[in-house]
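> the amino acid sequence is not available; the structure is as follows:
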């Protein structure tokens, strides 16, 4: 088993090296530069650009079309101005309209759906590394949208921070103002330039546009295509270096029928944040209260595997990519939701951020208590990341779970710990056409064998017309990551995908083309356990409606018993085989309409 995998993995890695670092077309950030000057005027965030600072500021304008085509300038143009003072970064936006009528708005909630609302977003690469940043957006109705950017531009909306904004709507344009506190973002001391880009979605013209041009196969959040924000002087410090959020809660209960006295239960705790520098912070927690965290969206699980739910607790979110991006989507050595949901967190500390120009660090230590026969444990994580080349990085980590307070009479001398160590390599070309990842992780626990490891490699090549990807993974039968998210173990997976798009000279159709995907799972002896082969064809119209036809051939051989009803009735037994063929057609209507469907 290991010989063919080693061969395929080495071949994959070699291909990535040859093609990735053979790219010679870096994205030019010199053509899109905007200078920002400090103001001594008091700025009022009201959506009315009456302050003199705005008339004196440089303009970022002449936005380029990104969708449905990425040639020429946008029909609905946008103007952006920036200034700052000792506490805040200010952004003013004028979004011009081409057609009269109401601006499409689907929701007034925070972190609205991007494709369903007229909006403007600023993507800010404060570390100037084209990898990590911050996103701040506003809808035409004034609803805020913010998130952390990682891995070249992916935006996590689970992060929220405090900032001010205002919107004014007029017949032929709408105006927005942002006031973003420096203490709400992280950046390196002494920097004179940041990466920045601005994105506008105008649903009446059905255009997405950006200040610095972005090829249409990529999202405007992609930090490889940012322009440059040039500061007129060294940046100010982030302001407040310490914040404390204490809490006290109590409840009173009484069983009147049993004649019991009133029972009063009180709890106290706190959360604290210490800003050690403009790019490094320390989070502390003591008896945290997670009752205010947004609840998970309800989902019904009819699959064989555990569902994945994102982390939403604020203690874990800042610089979360250092911890959560280890491994791949279904092979995660660290999943913070394993901590503190079944038994309470008693105390925790988390140090994360940037060290110098090319290093990032993440350290975490959390102690849980005992509850409902679940043993108290200490969780420790150490991560260090080094940026290499222009948009790539290499990460080393160690994760430790240690039982600290066993149950009465329990001997944990041979079963009281689980550790995972590993190294991850993330690679991306300057133009984002080539991206890839390779990693090796080893788990340690009493009695662990040589098959207690996992390694994987994946790469993607993407242009406007052609895209291809290949994912491969090996998870040993004895690999154990108790603090991770691993859907299955003891398998070898190969998952290639290829897609081609035709762009006809049509006033109605944007693109159409075929897609082919294979997803194969094998046991260590190379016997097949899962197979899905999908062949599809998609047609996308200019109004963003889409039709897809798919053919699928599938096979599953169960490796563990499975009860799809989750009722405790007779399970499908080990070794059961299932085969199917499927034809599926789907249509998604114009999502800009008040009534849309799929």
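In hand now; what should we look at? Worth saying up front: this structure is predicted, and the values here are computed from it rather than measured. Residues are numbered from 1 along each chain as shown.
> low-confidence ranges, this structure, go.
Scanning the chain for pLDDT under 70 picks out the ranges 1-28, 238-240, 406-415, 570.
> tell me the domain boundaries of the protein?
31-231, 239-277+279-295+304-490, 501-598 (automatic domain parsing).
> what's the most buried one of those?
Highest mean neighbour count among the domains of the chain (mean count of other C-beta atoms under 10 Å): domain 31-231, with a mean of 19. For the C-beta atoms, the positions are set from N, CA and C on the backbone; glycine is no exception.
> and that domain, how far apart are its ends?
Counting by C-alpha to C-alpha, to the nearest Å, you get 16 Å between the two ends of domain 31-231.
> what about residue 103, which SS state?
Assigned state for residue 103: coil (three-state reduction, DSSP: H, G, I helix; E, B strand; the rest coil).
> correction: residue 315
Applying three-state DSSP: residue 315 is helix.
> ok, it - contacts?
Contact analysis of residue 315 by C-beta atoms under 8 Å, 6 or more residues apart in numbering lists 271, 283, 285, 288, 348, 350.
> just the element for the residue nearest to the first one when sequence neighbours are not counted, please.
So that's residue 271. In this structure, residue 271 finds its nearest non-sequential neighbour in residue 245, 4.6 Å apart by C-beta to C-beta, 6 or more residues apart in numbering. Per DSSP states H and E, residue 245 falls inside strand 242-253.
> any idea how far that strand is from the chain center?
31 Å (C-alpha atoms, centre = their mean, to the nearest Å).
> neighbouring strands - and their directions - for it?
The pairing partners recorded for strand 242-253 under DSSP bridges are strand 263-277 (antiparallel).
> from residue 569, how far off is residue 561?
11 Å (C-beta to C-beta, to the nearest Å).
> for this protein, what spans make up the helices?
2-20, 52-56, 321-324 (DSSP state H).
> what packs against the shortest one?
Looking back up the chat, that one is helix 321-324. Helices and strands touching helix 321-324, as assessed by 3 or more C-beta pairs under 8 Å, 6 or more residues apart in numbering; DSSP states H and E, comprise strand 359-368, strand 376-388.
> need the contact partners of the last one.
In other words, strand 376-388. So strand 376-388 is contacted by 129, 131, 322-323, 326, 334, 339, 343, 346, 358-370, 393-405, 483 (C-beta under 8 Å, 6+ apart).
> between it and strand 359-368, how big is the angle?
Put simply, strand 376-388 runs at 170 degrees to strand 359-368, going by axes from the mean of the first three to the mean of the last three C-alpha atoms, to 10 degrees.
> so how far is residue 452 from the nearest residue to residue 528 once chain neighbours are set aside?
Closest residue in space to residue 528, ignoring its immediate chain neighbours: residue 522 at 5.8 Å, by C-beta to C-beta, 6+ apart. The gap separating residue 522 from residue 452 is 19 Å, by C-beta to C-beta.
> and residue 172, by the same measure?
To residue 452, residue 172 is 65 Å away according to C-beta to C-beta.
> ok, residue 93 next?
Applying C-beta to C-beta to residue 93 and residue 452 gives a distance of 53 Å.
> repeat for residue 188
With C-beta to C-beta as the criterion, residue 188 and residue 452 are 39 Å apart.
> kindly report the same for residue 169.
60 Å.
> now the residue nearest the centre of the chain: how far from residue 120?
Closest to where the C-alpha atoms of the chain average out (C-alpha atoms, centre = their mean) is residue 156, at 4.0 Å. Distance, residue 156 to residue 120, using C-beta to C-beta: 20 Å.
> could I get the contacting residues of residue 456?
327-328, 331, 437-439, 471-474.
> so of these, which ones are in strands?
The members of the contacts of residue 456 that map onto strands under DSSP state E are 331, 437-439, 471-474.
> ok, so of those residues, who is nearest residue 36?
residue 437 (35.2 Å; C-beta to C-beta).
> OK, contacts around the closest one?
Counted by C-beta under 8 Å, 6+ apart, residue 437 has contacts 328, 424-427, 456-459.
> try residue 76
95-98, 200, 202, 204-205, 207, 209.
> at 6 Å what do you get?
96, 98, 202, 205 (C-beta atoms under 6 Å, 6 or more residues apart in numbering).
> give me the nearest residue to it, chain neighbours excluded.
residue 202 (4.2 Å).
> quick check: the gap between the residue nearest to residue 124 when sequence neighbours are not counted and residue 192.
Closest residue to residue 124 apart from its sequence neighbours, by C-beta to C-beta, 6+ apart: residue 134 at 4.9 Å. Note on residue 134: its distance to residue 192, by C-beta to C-beta, is 18 Å.
> cool, residue 511 as well?
41 Å.
> of the contacts of residue 437, closest to residue 138?
Nearest member of the contacts of residue 437 to residue 138, counting by C-beta to C-beta, is residue 426, at 31.1 Å.
> wait, that closest one sits on residue 395?
No - using C-beta atoms under 6 Å, residue 426 is not in contact with residue 395; the gap is 7.4 Å.
> what pairs with the nearest residue to residue 322 once chain neighbours are set aside across the strands?
Of all residues not flanking residue 322 in the chain, residue 362 sits nearest, at 3.8 Å (C-beta to C-beta, 6+ apart). Per DSSP bridges, the residues bridged to residue 362 are residue 352, residue 383.
> next up, the contacts around residue 362.
By C-beta under 6 Å, 6+ apart, the neighbours of residue 362 are 322-323, 352, 383.
> same check, this time on residue 197
123, 210-212, 226-227.
> quick one: which of the residues you listed is nearest residue 65?
residue 210 (8.6 Å).
> my guess is that closest one contacts residue 220. True?
Yes - taking contacts as C-beta under 6 Å, residue 210 lies within contact range of residue 220: 4.7 Å.
> shared neighbours, those two?
Common neighbours of residue 210 and residue 220 (criterion: C-beta under 6 Å, 6+ apart): 66, 199.
> filter the contacts of residue 197 down to the ones in strands?
123, 210, 227.
> from residue 547, how far out is the nearest residue to residue 466 once chain neighbours are set aside?
Distances taken as C-beta to C-beta, 6+ apart place residue 500 nearest to residue 466, at 5.5 Å, with adjacent residues excluded. Between residue 500 and residue 547 the computed distance is 17 Å (C-beta to C-beta).
> what residues does the spatially closest residue to residue 94 that is not a sequence neighbour make contact with?
Take residue 94 and drop its neighbours on the chain: the residue closest to it by C-beta to C-beta, 6+ apart is residue 79, 4.3 Å away. Residues counted as contacts of residue 79 (C-beta under 6 Å, 6+ apart) are 59, 61, 94.
> which one of those is nearest to residue 83?
Nearest to residue 83 among the contacts of residue 79: residue 59, at 12.0 Å, using C-beta to C-beta.
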